[in-house]
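A.B. asks: Sequence and computational prediction follow.
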Amino acid sequence: MPQRDDAAIEVTAFEWVPDFARGHVRDLRVRWALEEIGLDYRTRLISAMDRPAYYFGEQPYGQVPYYKEGDVEIFESGAIVLHIAEKDERLLPRDPVGRARAQTWLISALNSMEPYIMNMVTIDTFCAGQEWATLRRPAQVDMMERRLQHLSTALGDKNWLEDRFTVGDLMMVEALRNLSADQLSIPRNLIDYCARGEARPAFQAALAAQMADFKPAEEGVPA
């Protein structure tokens, strides 16, 4: 949905990040959830390089996203996305079994997959070439590939982790997008799974909105 200045929902995001991080900041998953169920929102943009002091009173770690909807204020992307999913069965099934499975996969993405994924990102992006990262990488790749294989087996030949797209798929695809097949072996069915998620119109709208909010790269470079 188009962003509206008068929308009831406000999402805090960064006004600038380096090129490699664009399209991967975690407000994207919140925008995606909102787009899936057609909810308008506005964005409040803050500096990633000089985060305002007041913001730590809202988000204790100074991270994004931060979500405000009337008296409801939430930080942590998983909590925000679950809150949004509660609004519509297109993201969170109403039947108890489907609901429980969707919630389980969302937590699995955050707890069982994303920590391994972010370790890979740290080693290959933020600390590339450092001695400790070079020494650590083979064991990390082995752990990551084993974890991916377990997920691949669970997905099998299905389009989604359960019988339909849910908030669990949204979060799992968003986590997996941070991996590169050039850096480790990713099962084919997981590559196709991510491609299906990224092809969804709601994802494309969310990505376009995030990219549109960023200042040009040269404007955000610290002096």
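C.D. replies: Thanks, I have it.

A.B. asks: ok, and the closest non-adjacent residue to Q210?
C.D. replies: L28 (5.2 Å; C-beta to C-beta, 6 or more residues apart in numbering). For glycine as for every other residue, the C-beta is placed from the backbone atoms N, C-alpha and C.

A.B. asks: Would you mind measuring from the one you found to A154?
C.D. replies: Applying C-beta to C-beta, to the nearest Å, the value for L28 to A154 is 24 Å.

A.B. asks: Same drill for those two, tell me which one is more crowded.
C.D. replies: Taking neighbours as other C-beta atoms under 10 Å, L28 and A154 compare with L28 leading, 22 against 11.

A.B. asks: Now name the helix or strand holding the more buried one.
C.D. replies: For L28, the enclosing helix or strand under DSSP states H and E is helix 27-36.

A.B. asks: so what's R44 closest to, chain neighbours aside?
C.D. replies: Spatially, and ignoring its direct neighbours in sequence, R44 is nearest to T12 (4.7 Å; C-beta to C-beta, 6+ apart).

A.B. asks: Output the contacting helices and strands for whatever helix or strand that neighbour lives in.
C.D. replies: T12 belongs to strand 9-14 when assigned by DSSP H and E. Contact analysis of strand 9-14 by 3 or more C-beta pairs under 8 Å, 6 or more residues apart in numbering; DSSP states H and E lists helix 27-36, strand 42-46, strand 66-69 as its packing neighbours.

A.B. asks: Given that strand, what are its sheet partners and their directions?
C.D. replies: Paired neighbours of strand 9-14 in the sheet (DSSP bridges): strand 42-46 (parallel), strand 66-69 (antiparallel).

A.B. asks: A181: neighbour count?
C.D. replies: 11.

A.B. asks: Over to S108?
C.D. replies: Counted with other C-beta under 10 Å, S108 comes out at 18.

A.B. asks: hmm, back to that, quick one: contacts for the residue nearest to Q210?
C.D. replies: E174, A206, L207, Q210 (C-beta atoms under 8 Å, 6 or more residues apart in numbering).

A.B. asks: okay, the residues you listed in JSON lines with neighbour count and secondary structure next?
C.D. replies: Formatted as JSON lines, the contacts of L28 follow (neighbours: other C-beta atoms under 10 Å; DSSP: H, G, I helix; E, B strand; the rest coil):
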{"residue": "E174", "neighbour count": "26", "secondary structure": "helix"}
{"residue": "A206", "neighbour count": "25", "secondary structure": "helix"}
{"residue": "L207", "neighbour count": "18", "secondary structure": "helix"}
{"residue": "Q210", "neighbour count": "23", "secondary structure": "helix"}
